[in-house]
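Enquirer: this one's structure only:
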């Protein structure tokens, strides 16, 4: 059977990362949402990767994934950046891209769920990537006078991208224009373009060069290296609408059409920590004014609040080496890397 004649559920596959702890509970909720509400993609392959050694899931989680027909791969792909949990997605996505024949690959953060069929994740012939902009400006650059412009300039050089060719997008929450940067919680790509492999190469190059967005933190580099991978590979990029990768943790800060008040207007929800016991009572989804479709409400409310608390943000700095010592001389190290033959 040719790729073109395969059913939609075989042409598209989902990729996630999972480790022992809170990611187990979050991931199972995500997998259940795909199987329950994924429409024609409800039977699509789901890959669950544990890319760091000695962090495999419990037997109960493994059994639950098997019932949901989730392919679990516990393999230490992320050896070199073991100290940075957010790099797991780079290694997992690249491995599926290299070893599978699916036409479309969709990477998902574990703290997300689907509420209906994600039709727009299937890419038309003239599109190679569909993504959402970043939620906040954060480490992004708004142009030449921005305090993070030097970081983006050096990252673009390291990843062989012309920074001036990156378009500007508006960050989701406040609409601030920034050089193209995308939320890594939902990324749909055409596998043959090689974006996920470039993503892995970029995160490794950034860590080898010790190129950090902030002096003591690699946090945010997962998304910035994704932007570089996308724009190095293709210009055929489309932004998904607000109904995808909706930032529930910033709901109160969204205004106008960017704020969703009913489940019927959501396809994919990025809830971050809002389903945890301490935050659920004030979560927008738990308020009386939020309009729910009964089936969706019954399904979700039977499963929340979640029992496990998410770990704090991983800044990706080796604990054995002081950040100040590691951060010195990064410009010279980048120049050395760039001077090497391709």
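Expert: Yep, it's here. Model, not experiment: these values are computed from the prediction.
Enquirer: Which strands or helices does the helix or strand where residue 200 lies pack on?
Expert: Per DSSP states H and E: residue 200 is located in helix 195-208. For helix 195-208, the packing partners by 3 or more CB pairs under 8 Å, 6 or more residues apart in numbering; DSSP states H and E come out as helix 88-99, helix 149-158, helix 221-233, helix 330-339. For glycine as for every other residue, the C-beta is placed from the backbone atoms N, C-alpha and C.
Enquirer: List the contacts of the next helix or strand after the third one.
Expert: Past helix 221-233, heading to the C-terminal end, the next element that is a helix or strand (DSSP H and E) is strand 237-239. For strand 237-239, contacts defined as CB atoms under 8 Å, 6 or more residues apart in numbering pick out 127, 128, 129, 130, 131, 132, 133, 169, 230, 231.
Enquirer: How about stretch 58-71?
Expert: For stretch 58-71, contacts defined as CB under 8 Å, 6+ apart pick out 18, 20, 24, 27-28, 31-32, 35, 43, 45-48, 57, 72.
Enquirer: ok, of the residues you listed, which come out buried?
Expert: 18, 24, 27-28, 31-32, 35, 45-48, 57, 72 (16 or more other CB atoms under 10 Å).
Enquirer: Next, check the residues you listed against the helices and list the overlap.
Expert: 24, 27, 28, 31, 32, 35 (DSSP state H).
Enquirer: for the residues you listed, which one is nearest residue 117?
Expert: Checking these against residue 117 by CB to CB gives residue 35 as the nearest, at 12.3 Å.
Enquirer: isn't that closest one right up against residue 45?
Expert: No - applying CB atoms under 8 Å, one finds residue 35 not in contact with residue 45, separated by 11.9 Å.
Enquirer: still on that earlier bit, angle of the helix holding residue 200 against helix 88-99?
Expert: Calculated by axes from the mean of the first three to the mean of the last three CA atoms, to 10 degrees, helix 195-208 forms an angle of 140 degrees with helix 88-99.
Enquirer: Would you indicate which residues of helix 195-208 are buried?
Expert: 195-207.
Enquirer: now swap in stretch 57-73 and tell me
Expert: 57, 61, 62, 64, 65, 70, 72.
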